[in-house]
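J.: Just to be clear, the model below is a prediction. Sequence and coordinates:
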Amino acid sequence: MEFFEKNIFADKIFYHVYPLGLGNCPKENDFHQAAGNFFEVFASDLDRIKNLGCNAIYFGPIFESSRHGYDTLDYYYIDRRLGNNQKFKDFCKIAHEKGFSIVLDGVFNHTGREFFAFKEIQKNGRNSQYKDWYLNLNFDRQSNYGDCFDYDGWAGCKDLVKLNLLNENVQNHIFGAVKFWIEEFKIDGLRLDAADVIDGKFLEKLGSFCRLLKNDFWLMGEVVHGDYNNWCNSKKIDSVTNYQIYSALFSSVDNFNFYELSFNLNREFGKDGLYKYAPLYNFLDNHDVNRVASVIKNPRKHLYMIYALLFAIPGIPSIYYGSEFALKGKRGQWDDFELRPSLPPFAQVPDFAKPDEDFSFLPQAIRSFAELRKNSNALKLGNYSEEIVSNNQFVFSRNYKNEKVLVVCNSDFEASKIQLNSDFSKYEDMFSHRIYSAEELKNFEIGECDVRFLKRID
């Protein structure tokens, strides 16, 4: 079996958006305001995003909610701060016509306190017909909100009430919503929030249900810790967030220690890799972690290489909105505002997000890496093999059938010479198209903080 051969999203490059932040929406939903215009405005940016090289959009939560989107109020309606169902349907049609796949955030592990079932329990207590919809309700003590019962909250957050996903009525309600979004809006996949704490039996039923409706439907789960094989398999879901590799991508470059990245890539994708055939979802930053431009010591020198690696390693690459401009942002003590800002075309770039240097090279670099990946089965589908590793230099290959690509990295602040194993073959630089003989590769020179993609041609 070839790596990725049967993965339906092997050719995807994601653009990840947190809509409530990007759209400059009110922090609180008053449940009375007119439908917003997020989707109409965002549609005007699709050509730029496509030109960046992306062909899939992952929207953070867009269902009706009280505050940040992960406190769902209604799975069947678009959050009015963003728009309404018809506006989203119109957007989906435009996006699909432009060649984008659309993936939504499925927040099924928990609801907000304004969800109808929870409100009914607050009203009727032990006599509520929905008392079995949530986990570990205890009517012998009050919650810290003063409810006549206590309950489980996700990670102890009592505003996020954990659903009992093995309850048949809960499943019917959620599956009904999934069916609605697939059939009416033609969505192409779901990212499952907090998948690492969702019962495996629910994931199996959800996977089967979705694939019966749409056999190429894609399910990806948010998993921070654990053995990804527990989630990413043919019985459950297709992919998970690759948190095990994300920090290694930039810290190995930033700290001049490619052994860190080498270890993690071998562990995941090497000859005996744990996830050799798993189509993991790779990223450098997202709505929950500090932006990569805020955490590396020398973004001007190293961002190019870090993004090149994102597109070169096995998996599905994702760009978090705004990071293509090297925007900065860190988690606050009490909020994630800097991670989820409003940006043009919705608002001006906030002061904290403005780069200190000129990073105009970065969008073009990302566009170039995306183009290489789209035109190379080895980079999309190939297996992984380490060739050379040292503190500042790293060489690995991606191999698919008769195609071989060498990825040559130098994180040092000066040029370096590397002795490459050419297999007695000629290689072509995939950017400059210069041809290198086997003899020339024995003393291959690479510039400071550079990455070269070399394709075998005979």
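T.: Everything's here; your move. Residues are numbered from 1 along each chain as shown.

J.: Mean confidence (pLDDT) on stretch 445-453, please.
T.: Per-residue pLDDT over stretch 445-453 has a mean of 97.

J.: no wait, stretch 113-121
T.: pLDDT averaged over stretch 113-121 gives 97.

J.: shift numbering so it begins at 8
T.: Yes, from this point I'll number from 8; that puts the last item at stretch 120-128.

J.: Would you mind listing the buried residues in it?
T.: 120-122, 124-125, 127-128 (16 or more other C-beta atoms under 10 Å). The way it works is simple: take the backbone N, C-alpha and C, and place the C-beta from them, glycine included.

J.: Could you do stretch 204-219 as well?
T.: 205, 209-210, 212-214, 216-217.

J.: swap in stretch 132-139?
T.: So for stretch 132-139, counting by 16+ other C-beta under 10 Å, buried means 135, 137-139.

J.: That stretch - what's its average pLDDT?
T.: Taken as a whole, stretch 132-139 has a mean pLDDT of 96.

J.: for the stretch 108-257 of the chain, what spans make up the helices?
T.: Ranges of helices within the stretch 108-257 of the chain are 123-131, 175-192, 207-220, 250-261, based on DSSP state H, counting those that start in this stretch.

J.: same check, this time on the stretch 308-457 of the chain
T.: With DSSP H, counting those that start in this stretch as the criterion, the stretch 308-457 of the chain has helices spanning 368-381, 384-388, 445-448.

J.: now those helices as a markdown table including mean neighbour count and mean pLDDT?
T.: Output for the helices of the stretch 308-457 of the chain, formatted as a markdown table (neighbours: other C-beta atoms under 10 Å; pLDDT from 0 to 100):
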| stretch | mean neighbour count | mean pLDDT |
| --- | --- | --- |
| helix 368-381 | 18 | 97 |
| helix 384-388 | 22 | 96 |
| helix 445-448 | 15 | 94 |
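
J.: Can you pull the poorly scored residue ranges out of this structure?
T.: Within the chain, the segments meeting pLDDT under 70 span 8-14.

J.: now the nearest residue to residue 234 once chain neighbours are set aside, what's its secondary structure?
T.: Spatial nearest neighbour of residue 234, chain neighbours left out: residue 281 (7.2 Å); criterion: C-beta to C-beta, 6 or more residues apart in numbering. What DSSP: H, G, I helix; E, B strand; the rest coil gives for residue 281 is coil.

J.: returning to that earlier point: can you add distance to residue 291 and give the helices of the stretch 108-257 of the chain back as TSV?
T.: Below are the helices of the stretch 108-257 of the chain laid out as TSV (distance: least, C-beta to C-beta, whole Å):
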stretch	distance to residue 291
helix 123-131	36
helix 175-192	28
helix 207-220	27
helix 250-261	6
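
J.: These: which one's closest to residue 304?
T.: Distance to residue 304, taken as C-beta to C-beta, is lowest for helix 250-261 among the helices of the stretch 108-257 of the chain, at 5.5 Å.

J.: Residue 78 is in contact with residue 120, correct?
T.: Yes - if you go by C-beta atoms under 8 Å, residue 120 and residue 78 touch, sitting 7.2 Å apart.

J.: follow-up on the earlier one: show me which of the buried residues of stretch 204-219 is closest to residue 196.
T.: Nearest member of the buried residues of stretch 204-219 to residue 196, counting by C-beta to C-beta, is residue 217, at 8.6 Å.

J.: re the thing from before, mind putting the helices of the stretch 308-457 of the chain into CSV with distance to residue 73?
T.: Formatted as CSV, the helices of the stretch 308-457 of the chain follow (distance: least, C-beta to C-beta, whole Å):
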stretch, distance to residue 73
helix 368-381, 35
helix 384-388, 40
helix 445-448, 59
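
J.: Residue 92: which of those is closest?
T.: Per C-beta to C-beta, nearest to residue 92 of these: helix 368-381, 31.8 Å.

J.: thinking again about what came up before, mind putting the buried residues of stretch 120-128 in a markdown table, distance to residue 369 included?
T.: Converted to a markdown table, these look like this (distance: C-beta to C-beta, whole Å):
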| residue | distance to residue 369 |
| --- | --- |
| 120 | 41 |
| 121 | 40 |
| 122 | 41 |
| 124 | 46 |
| 125 | 44 |
| 127 | 50 |
| 128 | 50 |
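
J.: so which of these comes closest to residue 351?
T.: Of the buried residues of stretch 120-128, the one sitting nearest to residue 351 (C-beta to C-beta) turns out to be residue 121, at 31.9 Å.

J.: For that closest one, list the residues it contacts.
T.: By C-beta atoms under 8 Å, 6 or more residues apart in numbering, the contact list for residue 121 reads 73, 78, 80.

J.: would CSV of the buried residues of stretch 132-139 with distance to residue 90 be doable?
T.: Formatted as CSV, those follow (distance: C-beta to C-beta, whole Å):
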residue, distance to residue 90
135, 32
137, 29
138, 34
139, 34
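
J.: quick one: which two of the residues you listed are the most distant?
T.: 135 and 139 (9.1 Å).

J.: How many residues are close by the residue nearest to residue 325 when sequence neighbours are not counted?
T.: In space, and not counting its chain neighbours, residue 325 is closest to residue 21: 3.8 Å by C-beta to C-beta, 6+ apart. By other C-beta atoms under 10 Å, 24 other residues sit near residue 21.

J.: ok, what's across the strand from residue 21?
T.: Under DSSP bridges, the beta-bridge partners of residue 21 are residue 63, residue 325.

J.: Hmm, residue 327 and it touching each other?
T.: No - using C-beta under 8 Å, residue 21 is not in contact with residue 327, being 9.1 Å away.

J.: rewinding a little: compare the helices of the stretch 108-257 of the chain and give me the one nearest residue 230.
T.: Once the helices of the stretch 108-257 of the chain are compared by C-beta to C-beta, helix 250-261 is nearest, at 7.1 Å.

J.: for the closest one, packing partners?
T.: Applying 3 or more C-beta pairs under 8 Å, 6 or more residues apart in numbering; DSSP states H and E, we find helix 250-261 packed against helix 265-276, strand 288-290, helix 299-302, helix 306-319.

J.: What distance do you get for residue 211 to residue 233?
T.: The spacing between residue 211 and residue 233, counted by C-beta to C-beta, to the nearest Å, is 17 Å.

J.: just residue 321 next, same as before
T.: 19 Å.

J.: between these two, which one's more packed in?
T.: Per other C-beta under 10 Å, whichever of residue 321 and residue 233 has more neighbours is residue 321, with 27 against 14.

J.: The more buried one: what's it in contact with?
T.: 10-11, 272, 275-276, 287, 389-391, 405.

J.: repeat that with 6 Å
T.: Contacts for residue 321 (C-beta atoms under 6 Å, 6 or more residues apart in numbering) come out as 276, 391.

J.: Same check on the one 4 residues further on?
T.: For residue 325, the contacting residues are 21, 23, 290, taking C-beta under 6 Å, 6+ apart as the criterion.
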